[in-house]
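How does the following fold in three dimensions:
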Amino acid sequence: MKMPLFLAACLLLLVPLMATGSEPPTAQPPNIVIIFCDDLGYGDIGCFGAKGYDTPNLDRMAAEGIRLTRFYAAQAVCSASRAALMTGCYPNRIGISGALGPQARIGINDEESTIAEIVKQRDYATAAFGKWHLGHHPQFLPGRHGFDRYFGLPYSNDMWPYHPELLKLPMNERRKRFPELPMIENDRVVNANVTAEDQTHLTTWYTERAVEFINENRERPFFLYLAHSMPHVPLFVSDKFAGKTDRGLFGDVISEIDWSVGQVLETLKKHRLDERTLVIFTSDNGPWLSYGEHCGTAGPLREGKGTSWEGGIREPFVARWTGRIPAGSVSSEPAMTIDLLPTIAHLVGAKLPDNRLDGLDIWPLLSGDSAAKSPHKNLWHYYADNELQAVSSGRHKLYLPHTYRTLAGRAGRNDGLPIPYEQRTLTEPQLYNLEADMSETTDIAAAHPDIVKQLLAVAEEARFDLGDSLTQRKPTGARPVGRLPAAD
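I've put the predicted structure just below:
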């Protein structure tokens with residue numbers, strides 16, 4: 001029996017009530033594309049100040065959309081950062097920290113909801129191409145967490161016997177640290193021994209599959225997660241971009257990533273999907289500075305990957321949605337990768353998961369509303385083994401006593417091999433005004449004891465909820481990580 005027209009109309013009117021923000025979603029849910037790089041620094045694309053190469057497609061995205069200039073990764077390391085992006089939670093809330101390697105027996109828990117699972121409520125086609133890094137065993141792979149299709153590396157491209165720091169060791173010793181690097185399609189290993197030649201094709205292979213996915217799903221809403229393995233070291237680039245920039249191999253790699261962005265944008269344009277598609281570009285953490293000319297730059301920001309200083313966690317962020325995001329918009333309000341899941345849930349008209357989230361809807365910021373403010377009163381900055389290293393509120397950021405790594409101004413090598421870091425320790429809290437001093441050069445804690453006191457209270461809130469290994473505080477709000485069944 002056919003549904004009466006008036007009843008069908010009433011049901012359609014109920015859909016916006018499922019959204020989480022103030023503005024209802026469009027009648028046809030938008031396509032969502034997230035392009036996520038690995039170890040890309042704040043200053044590594046043209047519209048954020050890159051030198052020695054051009055990024056015309058990303059610059060066009062920014063000119064046609066918005067840049068967020070205080071957008072943060074939740075932690076300055078691979079798996080933790082991706083856990084936050086996919087689930088809308090601080091990574092230590094769901095038990096993931098650091099970078100999961102080939103020996104890891106943990107991964108994303110089945111009880112957590114990913115962005116892909118959220119949009120599945122609205123019958124989206126979903127695909128992930130590129131680096132996953134939330135567990136490499138079958139129960140942790142994308143196909144078990146909302147994605148229809150997957151192709152890529154299960155973890156970082158340096159987790160293989162040819163890791164730059166292992167090259168002087170005999171092969172049997174290298175393989176004790178890292179086995180051969182696998183390529184996975186859906187839930188099956190399709191190449192058990194990824195070679196250096198294979199790595200030169202990674203950006204192209206991921207891009208080709210992304211374009212194919214858009215072509216195949218142009219008539220229905222889709223979510224595409226394109227997670228590039230580059231510019232994580234070791235760097236690889238295809239022949240079509242090798243030697244094309246003045247910045248050496250690193251510049252060539254970024255130029256190829258920009259080409260990949262252009263391929264996605266052109267495919268959307270070809271199918272007249274620009275006005276139906278939100279495209280987001282950002283990265284998981286800042287540059288791996290110890291690799292010298294094979295890493296990028298944090299621009300004016302302090303330090304890089306592996307630290308909670310701004311250079312480790314503040315990322316370039318560009319978003320475009322023709323007709324919905326005003327061209328040439330810029331926002332300096334703080335936001336974080338944890339915010340993308342609730343924002344997307346709002347836009348597509350989906351319900352949020354029952355589990356507690358840390359992210360908040362930032363669509364008012366993305367929509368270019370000049371009066372929009374960050375929905376976050378405070379942000380917490382953890383690293384390493386659940387160390388609470390900093391908290392921020394508005395323009396102020398307080399660093400708590402902890403040990404961090406630094407090159408102390410030393411330049412790295414030019415051959416893809418790292419130089420050692422120094423370890424330095426903060427023994428007292430340090431306070432910085434990020435609006436006046438984005439480079440974090442001047443500690444103002446002594447001049448503002450009231451702000452220090454306020455942010456120390458924020459730190460206590462974080463410690464009560466998520467714990468802090470530095471002060472031996474146990475979490476009260478953390479949930480279990482996914483684990484392989486115990487061996488018989």
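
what about Ile451, neighbour count?
18 (other CB atoms under 10 Å). (Glycine included, C-beta is placed from N, CA and C.)

Skipping adjacent residues, who's closest to it in space?
Spatial nearest neighbour of Ile451, excluding adjacent residues (CB to CB, 6 or more residues apart in numbering): His396 at 5.6 Å.

can you pull the contacts of that neighbour?
By CB atoms under 8 Å, 6 or more residues apart in numbering, the contact list for His396 reads 431-434, 448, 451, 455.

switch the cut-off to 7 Å
When contacts are counted by CB atoms under 7 Å, 6 or more residues apart in numbering, His396 touches 431, 433, 451, 455.

Would you format those residues as TSV with secondary structure, pLDDT and distance to Arg149 included?
Shown next, in TSV, are those (DSSP: H, G, I helix; E, B strand; the rest coil; pLDDT from 0 to 100; distance: CB to CB, whole Å):
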residue	secondary structure	pLDDT	distance to Arg149
Leu431	strand	99	47
Asn433	strand	98	46
Ile451	helix	98	48
Leu455	helix	98	44
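
sorry, back to before: show the pLDDT at the residue nearest to Ile451.
Per-residue pLDDT puts His396 at 98.

beta partners for it?
Following DSSP bridges, His396 is listed with bridge partners Ser393, Asn433.

And the helices in the stretch 101-250 of the chain?
Along the stretch 101-250 of the chain, counting by DSSP state H, counting those that start in this stretch, helices occupy 115-119, 171-177, 196-199, 202-216, 248-270.

excluding its backbone neighbours, what's nearest the residue nearest to the spatial centre of the chain?
Centrality entry for the chain: nearest residue to the mean C-alpha point is Asp284, 3.5 Å, by CA atoms, centre = their mean. Of all residues not flanking Asp284 in the chain, Ser81 sits nearest, at 3.9 Å (CB to CB, 6+ apart).

The one you found: which element?
Ser81 is part of helix 78-87 when elements are defined by DSSP states H and E.

Distance from that helix to the middle of the chain?
Counting by CA atoms, centre = their mean, to the nearest Å, helix 78-87 is centred 7 Å from the centre of its parent chain.

Over to stretch 29-45?
How far stretch 29-45 lies from its chain's middle: 7 Å, per CA atoms, centre = their mean.

Could you do stretch 343-362 as well?
17 Å.

ok so, going back, now the helices of the stretch 101-250 of the chain as CSV including mean neighbour count?
Shown next, in CSV, are these (neighbours: other CB atoms under 10 Å):
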stretch, mean neighbour count
helix 115-119, 24
helix 171-177, 13
helix 196-199, 14
helix 202-216, 20
helix 248-270, 21
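
Any idea which of those helices has the lowest pLDDT on average?
helix 171-177 (a mean of 94).

contacting residues around that one?
If you take CB under 7 Å, 6+ apart as the criterion, helix 171-177 is touched by 161, 166.

Could the C-alpha coordinates of it be exported in CSV?
Extracted in CSV, the C-alpha atoms of helix 171-177 (Å, rounded to 0.1, in the frame of the first residue of the first chain):
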residue,chain,number,x,y,z
MET,A,171,67.8,-7.8,7.8
ASN,A,172,67.0,-10.4,10.4
GLU,A,173,67.4,-7.8,13.1
ARG,A,174,65.2,-5.3,11.2
ARG,A,175,62.4,-7.9,10.9
LYS,A,176,62.4,-8.3,14.6
ARG,A,177,61.3,-4.7,14.8
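
Now stretch 383-403: buried residues?
383-384, 386-400, 402 (16 or more other CB atoms under 10 Å).

Identify whichever of the helices of the stretch 101-250 of the chain lies nearest to Leu366.
Evaluated over the helices of the stretch 101-250 of the chain, closeness to Leu366 peaks at helix 115-119, with 15.2 Å, by CB to CB.

Quick one: list the elements packing against that closest one.
If contacts are counted by 3 or more CB pairs under 7 Å, 6 or more residues apart in numbering; DSSP states H and E, helix 115-119 sits against strand 222-227, helix 340-348.

quick one, which of those is nearest to Ala73?
Each of the helices and strands packed on helix 115-119 has some distance to Ala73 by CB to CB; the shortest is helix 340-348, at 11.4 Å.

and the residue nearest to Gln199 when sequence neighbours are not counted, what does it touch?
Nearest in space to Gln199, with sequence neighbours left out and distances taken as CB to CB, 6+ apart, is Phe236 at 3.9 Å. By CB under 7 Å, 6+ apart, the contact set of Phe236 is 196, 199-200, 202.

Between those residues, which sits nearest Val211?
Nearest to Val211 among those: Leu202, at 15.1 Å, using CB to CB.

Is the residue lying closest to Leu224 once chain neighbours are set aside bridged to anything, and to what?
The spatially closest residue to Leu224, leaving aside those adjacent along the chain, is Val33, at 4.7 Å (CB to CB, 6+ apart). Beta-bridge partners for Val33, by DSSP bridges, are Leu224, Val279.

how much space between Val33 and Glu428?
44 Å (CB to CB, to the nearest Å).

Mind checking which of those two has more residues around it?
Using other CB under 10 Å, the more surrounded residue of Val33 and Glu428 is Val33, with 27 against 11.

isn't the more buried one right up against Arg276?
No. Using CB atoms under 7 Å, Val33 makes no contact with Arg276, being 11.1 Å away.

quick one on the thing from earlier: of the helices of the stretch 101-250 of the chain, give the one that comes closest to Ser329.
Once the helices of the stretch 101-250 of the chain are compared by CB to CB, helix 248-270 is nearest, at 17.5 Å.

Run the angle between that closest one and strand 222-227 for me.
Put simply, helix 248-270 runs at 170 degrees to strand 222-227, going by axes from the mean of the first three to the mean of the last three CA atoms, to 10 degrees.

what's helix 248-270 in contact with?
33, 35, 37, 44, 52-53, 55-58, 61, 203, 207, 210-211, 214-215, 226, 228, 230-231, 235, 237-238, 241-245, 274, 277, 281, 293-296.

Quick check on those residues: which are buried?
33, 35, 37, 44, 53, 55, 57-58, 61, 203, 207, 210-211, 214, 226, 228, 230-231, 235, 237-238, 241, 245, 274, 277, 281, 293-296.
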